[in-house]
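Asker: I'll drop the sequence and a predicted model, then ask my questions.
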Amino acid sequence: MGYKEVYADWQADPEAFWMEAAKSIDWIVEPTKALHDENAPLYEWFSDGVVNTCYNAVDRHVENGRGDQDAIIYDSPITGAKSRISYAELQTRVARLGGALLEQGIIKGDRVIIYMSMTPEAIIAMLACARIGAIHSVVFGGFAASELATRINDATPKAVIASSCGIEPGRVIAYKPLLDEAIEMADHKPETCIIFQREQAEATLEPGRDHDWNDVQADVTPAPCVPVKGNDPVYVLYTSGTTGQPKGVVRHTGGHLVALNWTMKNVYGVDPGDVFWAASDVGWVVGHSYICYAPLIHGNTTVVFEGKPVGTPDAGTFWRVMQDYKVRAMFTAPTAFRAIKREDPKGEYRKKYDLSNLDTLFLAGERADPDTILWAQDQLGIPVIDHWWQTETGYPMVGNPMGIEALPVKVGSPTVPMPGYDVRILSDEGEEMPAGELGAIAVKLPLPPGTLPTLWNAEGRYRSAYLQTFEGYYETGDAGMKDEDGYLYIMARTDDVINVAGHRLSTGAMEEILAGHPDVAECAVIGVADPLKGQLPLGILCLTSGVDRPHDEIVKECIQLVRNKIGPVAAFKLACVVDRLPKTRSGKILRATMAKIADGEEFKTPATIDDPAIIDEIATSFKTLGYPG
């Protein structure tokens, strides 16, 4: 069947579709049905099934003869460390850490916060929690103590598993002092901390509470896989909230297993045994879904990479990893390829490596501008696939189903909705918009398995944040449109649609035009307050390495480009050149923060920011244009 037939098959009988997908999971007690709608709009999936995530990700592959296959390949250009862990070795190591957690009094349903750097031990910690039925909550290593304390208070973990430090290019970040400070600040006090000591900065352990990673596992009885119900949480992952209070996205076990396993072949087009590389971090949803769980559940080899697309040591690092490990499919954020393109616009590093094993490059996490996609296509000569999803959904809502049918790529679109997602474009009044018109992107309920059923200890907030705006729909918070073929275009976050003299304009459309300028490596457009028109667009430009033309010339050309392609209605006449854009560690550009700087409003620097010093640089650039206004 092709895409249309598979999508129609799901539409005609979602229950049968997902029950069939559930057959690929090894259940202890098979579910009697897929959807449980007794508490709608709080839907659940496979609630009466009994299962274990770690068994499906590790043990069953050993039992089925894959014990010698690589489960994890670790590559750290920052430290020079490389290693391979087979499924059999992974089973031993996960069972041992699970046994150590049991000896520390951690039982099914307890929460464990994981605060670790990008090493295999982070994956082992996640799987060990899942093995014993504990609920893990990964917090990005190096997060500020105050942010970590907030998550400790919300999740109330019995234990924390942490690395002693993280290693960034040119610096070592000690995690243990941040953890100690967070516990001091938090009202809730974890009983146990297990510390994985890294030689770059070993931590001082507090007697009684703190335990060394190796010592605590000595002479323990390996833990068996604990049966859990389909609607028991496997993890809670915090995503930033507009109020400053993070939202704890809950992931139920049964639907998580079924949906992620389905995506590996159908969306990403890989078979068991293939090497899959998601260049992300376990602190983000991509790290949960596509570094840890989905590849291992499906029987793939996953790459754990501790490095950057540039600077560790150069713009050829990604190409080297793809070559050395015969990566078949890679997944990263567009910002990574913009960074490579900025450093090496002619692709000189690319020519040094044999990438004949690579079939597909997938991009997600932010809008993929056409210029970056076209550059990557030119460098690789393979499909470069944009796809779209969120922390809340856990896997792609809209994509190009490479394992079902490779659909024609329309640069600028993440393609079409995946089975499970009935995606609509709605007006402010909840009416469906015609093709080609901008509106709010919403998904008709119920959401499919594997998506968030609620927020941790915050059902009311879940309803108000996602379900209230459009009755019967999940509000994504993104704005976009569909074309006549049903292809979706994600144009901006809903709050990034700006209103210029009564015209609703997408900042994303302007960014696409600016990114097409040959001297622009990456860019952002924000709306700034204007007493006459309400808002005006402001462009922020980062230039390609080696460009030495006067910035004023480039700015004038960019302004003219937007005026030529959108017209005077855009009122685009403000732009500045900066060295870099403020981003989260996952690569998302902090547009809302920059808009507040330009408007002279109070703002809180997001905890996820990659480099706080850049905020002052942006503010200085804006002042040259007369902002704050």
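Answerer: Sure thing, it's come through. Numbering: from 1, shown residues only.
Asker: quick check: phi and psi at the closest residue to Asp422 other than its chain neighbours.
Answerer: Of all residues not flanking Asp422 in the chain, Lys444 sits nearest, at 4.0 Å (C-beta to C-beta, 6 or more residues apart in numbering). Placement of C-beta: from N, CA and C, glycine included. Here is the backbone geometry of Lys444 (degrees, to the nearest 10): phi -70, psi 130.
Asker: ok, now how distant is Lys444 from Ile618?
Answerer: In this view, Lys444 and Ile618 are 39 Å apart by C-beta to C-beta, to the nearest Å.
Asker: same check on Val528?
Answerer: In terms of C-beta to C-beta, Val528 sits 13 Å off from Ile618.
Asker: equivalent analysis for Phe572, please.
Answerer: 19 Å.
Asker: same question, Tyr487
Answerer: As judged by C-beta to C-beta, Tyr487 and Ile618 stand 34 Å apart.
Asker: same check, this time on Ile195
Answerer: Noted for Ile195: a distance of 37 Å to Ile618, by C-beta to C-beta.
Asker: which one's more surrounded, the two?
Answerer: Using other C-beta atoms under 10 Å as the criterion, Ile195 and Ile618 rank with Ile195 on top: 27 against 21.
Asker: which of the helices or strands spans that one?
Answerer: If you go by DSSP states H and E, Ile195 is part of strand 192-196.
Asker: pairing partners for that strand, with directions?
Answerer: In the sheet, strand 192-196 lines up against strand 159-163 (parallel), strand 210-212 (parallel) (DSSP bridges).
Asker: show residues contacting the longest one.
Answerer: Around strand 159-163, the neighbours that count as contacts under C-beta atoms under 8 Å, 6 or more residues apart in numbering are 101, 104, 106, 110, 112-117, 119, 121-122, 125, 141, 152, 175-176, 179, 183, 190-196, 198.
Asker: now with 6 Å, please.
Answerer: Outside strand 159-163, the residues that touch it by C-beta atoms under 6 Å, 6 or more residues apart in numbering are 106, 112-117, 125, 175, 179, 190, 192-196, 198.
Asker: lowest-pLDDT helix or strand in this structure?
Answerer: Least confident helix or strand of the chain, by mean pLDDT, DSSP states H and E, is strand 503-506 with a mean of 69.
Asker: strands of the stretch 201-350 of the chain, start to end?
Answerer: 210-212, 228-229, 233-239, 247-252, 275-278, 301-305, 327-332 (DSSP state E, counting those that start in this stretch).
Asker: what's the neighbour count on Val555?
Answerer: Residues near Val555, counting by other C-beta under 10 Å: 17.
Asker: so what's the backbone phi/psi at it?
Answerer: Per degrees, to the nearest 10, the backbone of Val555 is at phi -60, psi -50.
Asker: can you name the residues that contact Leu257?
Answerer: Going by C-beta under 6 Å, 6+ apart, Leu257 touches Ile25, Asn56.
Asker: how close does it get to Val50?
Answerer: 12 Å.
Asker: what's across from Val443 in the sheet?
Answerer: Val423, Tyr474.
Asker: quick one, grab the pLDDT at it.
Answerer: pLDDT for Val443: 98.
Asker: Arg93 and Cys225, how far apart?
Answerer: The separation that Arg93 has from Cys225, given C-beta to C-beta, amounts to 14 Å.
Asker: circling back: pick the most buried one from the strands paired with strand 192-196.
Answerer: Greatest average neighbour count among the strands paired with strand 192-196 goes to strand 159-163 (a mean of 27), per mean count of other C-beta atoms under 10 Å.
Asker: just after it, pick out the following helix or strand.
Answerer: Sequence-wise, the next helix or strand downstream of strand 159-163 (DSSP H and E) is strand 165-168.
Asker: kindly format the C-alpha coordinates of that following strand as PDB.
Answerer: Taking Å, rounded to 0.1, in the frame of the first residue of the first chain, the C-alpha atoms of strand 165-168 are listed here in PDB:
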ATOM      1  CA  CYS A 165      30.500  16.900  34.700                       C
ATOM      2  CA  GLY A 166      29.800  17.700  31.000                       C
ATOM      3  CA  ILE A 167      32.400  18.600  28.400                       C
ATOM      4  CA  GLU A 168      31.900  21.400  25.900                       C
END
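Asker: which residues are contacting it?
Answerer: For strand 165-168, the external contacting residues (C-beta under 6 Å, 6+ apart) are Ile78, Thr79, Ser117, Gly141, Gly142, Val172, Ile173, Ala174, Tyr175, Arg198, Gln200, Ala201.
Asker: now stretch 78-98
Answerer: So stretch 78-98 is in contact with 58-59, 61-62, 66-75, 120, 124, 127-128, 131-132, 167, 217, 222-223, 306-307, 312, going by C-beta under 6 Å, 6+ apart.
Asker: mind doing that once more with 7 Å?
Answerer: Residues outside stretch 78-98 that contact it (C-beta atoms under 7 Å, 6 or more residues apart in numbering) are 54, 58-59, 61-62, 66-75, 120, 124-125, 127-128, 131-132, 167, 169, 217, 220, 222-223, 306-307, 312.
Asker: report the buried residues of that stretch.
Answerer: Using 16 or more other C-beta atoms under 10 Å as the test for burial, stretch 78-98 gives 78, 85-91, 93-98.
Asker: just stretch 195-210 next, same as before
Answerer: Of the residues in stretch 195-210, Ile195, Phe196, Gln197, Arg198, Gln200, Ala201, Ala203, Leu205, Asp210 count as buried by neighbour count, 16+ other C-beta under 10 Å.
Asker: and it, what's its mean pLDDT?
Answerer: When pLDDT is averaged along stretch 195-210, the result is 96.
Asker: just the CA atoms of it, as PDB, please.
Answerer: Taking only C-alpha atoms (Å, rounded to 0.1, in the frame of the first residue of the first chain), the coordinates of stretch 195-210 have been written out as PDB:
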ATOM      1  CA  ILE A 195      27.200   9.900  40.500                       C
ATOM      2  CA  PHE A 196      28.900   8.700  37.300                       C
ATOM      3  CA  GLN A 197      32.400  10.000  37.700                       C
ATOM      4  CA  ARG A 198      34.100  11.400  34.600                       C
ATOM      5  CA  GLU A 199      37.800  11.900  34.800                       C
ATOM      6  CA  GLN A 200      37.700  15.500  33.500                       C
ATOM      7  CA  ALA A 201      36.100  16.600  36.800                       C
ATOM      8  CA  GLU A 202      35.500  14.100  39.500                       C
ATOM      9  CA  ALA A 203      32.900  15.100  42.100                       C
ATOM     10  CA  THR A 204      33.100  15.200  45.800                       C
ATOM     11  CA  LEU A 205      30.400  12.800  47.300                       C
ATOM     12  CA  GLU A 206      28.400  13.600  50.300                       C
ATOM     13  CA  PRO A 207      28.400  10.600  52.700                       C
ATOM     14  CA  GLY A 208      25.100   8.900  53.200                       C
ATOM     15  CA  ARG A 209      23.300  10.500  50.200                       C
ATOM     16  CA  ASP A 210      25.800  10.200  47.400                       C
END
